[in-house]
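[1] Fold the following and give me the result.
(one chain, ligands or ions: 2)
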Amino acid sequence: MQPTSCSSEPNQRIARIAAHLNPPNTQMGESSGPARWNCRAKGGSSGFKVAILGAAGGIGQPLAMLMKMNPLVSVLHLYDVVNTHGVTADISHMDTGAVVRGFLGQQQLEDAVTGVDVVIIPAGVPRKPGMTRDDLFNINAGIVKTLCEAIAKCSPQAIVNIISNPVNSTVPIAAEVFKKAGTYDPRRVLGVTMLDVVRANTFVGEVMGLDPREVDCPVVGGHAGVTILPLLSQVKPPCSFTQKEIDYLTDRIQNGGTEVVEAKAGTGSATLSMAYAAVKFADACLRGLRGDAGVVECAYVSSQVTELPFFASKVRLGRAGVEEIYPLGPLNEYERAGLEKAKKELAESIQKGVSFVRK
Ligand SMILES: NC(=O)c1ccc[n+]([C@@H]2O[C@H](COP(=O)([O-])OP(=O)(O)OC[C@H]3O[C@@H](n4cnc5c(N)ncnc54)[C@H](O)[C@@H]3O)[C@@H](O)[C@H]2O)c1
Ligand SMILES: O=C(O)C[C@H](O)C(=O)O
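    Ligands and ions are numbered 1, 2, ... in the order given. Alright, predicted model coming up:
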């Protein structure tokens, strides 16, 4: 039997492995030059380059694991201000195609985002019981702004998936940062509201005795309280709900995040279901980038569906990012009343985000 062919000499191979087991000193704030800590010098599969910013966090870790399993990803950049090396070492042992590289601290941020196709941002603090998502604004607004400044500079063509709360404000913040840098493409900045759809499909499935994988419930508006507007009249397969079921489902979908925050009792908010939803959404973005037809998901984007500058609705994803935004479709009276409430709160959250960057 012929030995497997390999381009490098055995000594070089060992040296390469040793280099990655003894990474350069990259404690927070220290830079180690452009090489960084590459867990493998060569990748297996051809595919897309994805960066996760906030990769060592509650969402970031399972998200990184699931993205390492995604066959569309060939290079995975993991960035955080703490603990990136541990997460990178751990995930890099998975025998899937993507090459994993870790980046630690602000000085490595630009390297982390350079040349990537998709950036996913779950960086920032989560809620504790009694807090609203807007209570996170003071800390997370600045984090998202800094991260987007680096993306605007180093990867202006990247598709950006924003998870950090309050999404209703952090997406406008990102848009303003890109506008300031002269690199804004509204098709490429997307707020991730997928978890609302995931929850809606699950809860509708429970009530109607359906497999949640067969349920498609659009959720529009935004990602906080009353701005989360499930369109139960448009559920597929078509379902006939009683008013009691509609009240129950609307309340449960709008407060699904709070349900998890309270159950976690001060230790954080949804992380595992969010990582699942984030990967589902990022995978849709990657399939769109690849040129797949008919990739449609809900997302919070720059929009003309209502008079507000940002709104979540069904969008078609393609090579350029958001290639089409679908109208809301026929709403019943209950949903029209919900829409008015949602728009009022959304308008304030959007303005708050815009003012934060323009001040
Ligand atoms: N969009 C959604 O549906 C949704 C769902 C769940 C959570 N979230 C939000 O996601 C965010 C993260 O939640 P989590 O549970 O992972 O929190 P976490 O505290 O567990 O993790 C956040 C990570 O961000 C990192 N971080 C902090 N500042 C950073 C910076 N400047 N640059 C890079 N990384 C930085 C932290 O070091 C940490 O590892 C929160 O704002 C939360 O509200 C959104
Ligand atoms: O509820 C939160 O604070 C986190 C997230 O937005 C969620 O919906 O689970």
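
[2] Surely K49 is within a strand?
    Yes - per DSSP: H, G, I helix; E, B strand; the rest coil, K49 lies within a strand segment.

[3] What separation do you get for it and G268?
    K49 is 29 Å from G268, where distance means C-beta to C-beta, to the nearest Å. In this view, the C-beta of every residue, glycine as well, is placed from N, C-alpha and C.

[4] which of these two has more neighbours?
    K49 (22 against 16; other C-beta atoms under 10 Å).

[5] you'd agree that one is up against V116?
    Yes - here K49 reaches V116: they are 4.5 Å apart, a contact under C-beta atoms under 8 Å.

[6] can you list residues touching both of the two?
    Taking C-beta atoms under 8 Å, 6 or more residues apart in numbering as the criterion, K49 and V116 both touch 75, 77.

[7] name the element the closest residue to ligand 1 within the stretch 51-200 of the chain belongs to?
    Here the stretch 51-200 of the chain gets closest to ligand 1 at one residue, G57, 2.0 Å apart by C-beta to the nearest ligand atom. Using DSSP states H and E, G57 maps to neither a helix nor a strand.

[8] per-residue confidence at it?
    Looking at G57, its pLDDT reads 98.

[9] Identify the spatial nearest neighbour of it, chain neighbours not counted.
    P122 (6.1 Å; C-beta to C-beta, 6 or more residues apart in numbering).

[10] Can you get me a residue count around Q106?
    Around Q106 there are 15 residues (other C-beta under 10 Å).

[11] Give me the distance between it and L53.
    Q106 is 11 Å from L53, by C-beta to C-beta.

[12] List the buried residues in stretch 253-269.
    253-254, 256-258, 260-261, 264, 268-269 (16 or more other C-beta atoms under 10 Å).

[13] part of a strand, is R101?
    Yes - using three-state DSSP, the assignment for R101 is a strand.

[14] In strands, which of the buried residues of stretch 253-269 fall?
    Applying DSSP state E to those, no entry is found in strands.

[15] Enumerate the residues of this protein near ligand 1.
    Contact residues (C-beta under 6 Å from any ligand atom) of the chain with ligand 1: 53-54, 56-60, 80-82, 122-127, 136, 140, 143, 146-147, 163-165, 167, 192, 195, 223, 268-271, 274.

[16] From these, list just the buried residues.
    Buried among these by 16+ other C-beta under 10 Å: 53-54, 56-60, 80-81, 122-127, 136, 140, 143, 147, 163-165, 167, 192, 195, 223, 268-271, 274.

[17] Which of those fall in helices?
    Within those, residues falling in helices by DSSP state H are 60, 140, 143, 147, 167, 195, 274.

[18] give me the low-pLDDT residue ranges for the stretch 1-150 of the chain?
    For the stretch 1-150 of the chain, the stretches with pLDDT under 70 are 1-45.

[19] so where do the helices sit in it?
    For the stretch 1-150 of the chain, applying DSSP state H, counting those that start in this stretch gives helices covering 10-21, 60-68, 84-92, 109-113, 137-154.

[20] check contacts around the closest residue to ligand 2 within the chain.
    For the chain, the residue closest to ligand 2 is G257, as judged by C-beta to the nearest ligand atom, at 2.2 Å. Residues in contact with G257 (C-beta under 8 Å, 6+ apart) are 127, 133, 195, 269-270.

[21] Let's see that with 7 Å instead.
    Counting by C-beta atoms under 7 Å, 6 or more residues apart in numbering, G257 touches 269-270.
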